[in-house]
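**Student:** any chance you can model this:
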Amino acid sequence: MERGFFIRSGLFHFSVKIEKMKRKTTMYIDDAILRNVRVAAARAGQHDYEVVEQALRAYLGMDFLQKLSIKNPPGEKEALRIAYQELHRSRKK
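**Tutor:** Model prediction:
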């Protein structure tokens, strides 16, 4: 969470930026993959977990879906259809 005070026209403004909650986890990753993650993170000036999270989001299509929903949000009927489709899919597993 990021907090800051700003003074504008003699008034105090308080802004809060709340990020999505993250959870610590343990995964087993091939040494070669981990080496490549660390190299990519160093080149991008990021942490290892950020590179892994970006790769997982891309692989799972989450970034694409988020961009698509921002530009073209589904209506109520479409949102319910998608929700039920995912519910049925998860129950089949």
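
**Student:** going by C-alpha atoms from here, please, whenever you check contacts or count neighbours.
**Tutor:** Fine.

**Student:** how about the nearest residue to V51, chain neighbours excluded?
**Tutor:** Spatial nearest neighbour of V51, excluding adjacent residues (CA to CA, 6 or more residues apart in numbering): A41 at 6.0 Å.

**Student:** in what helix or strand does that neighbour lie?
**Tutor:** Assigned by DSSP states H and E, A41 falls within helix 31-44.

**Student:** any buried residues in that helix, and which?
**Tutor:** For helix 31-44, a neighbour-count test (16 or more other CA atoms under 10 Å) marks V37, R38, A40, A41 as buried.

**Student:** wait, the last one touches H47, no?
**Tutor:** Meaning A41. Yes. Proximity of A41 to H47 meets the contact threshold set by CA atoms under 8 Å, at 5.6 Å.

**Student:** can you show me the helices along the chain?
**Tutor:** Secondary structure of the chain (DSSP state H): helices at 31-44, 48-60, 62-71, 76-92.

**Student:** out of those, which gets nearest to K22?
**Tutor:** helix 48-60 (10.5 Å; CA to CA).

**Student:** got the contact list for the closest one?
**Tutor:** V37, R38, A40, A41, D63, F64 (CA atoms under 8 Å, 6 or more residues apart in numbering).

**Student:** now do stretch 24-40
**Tutor:** H47, D48, V51, V52.
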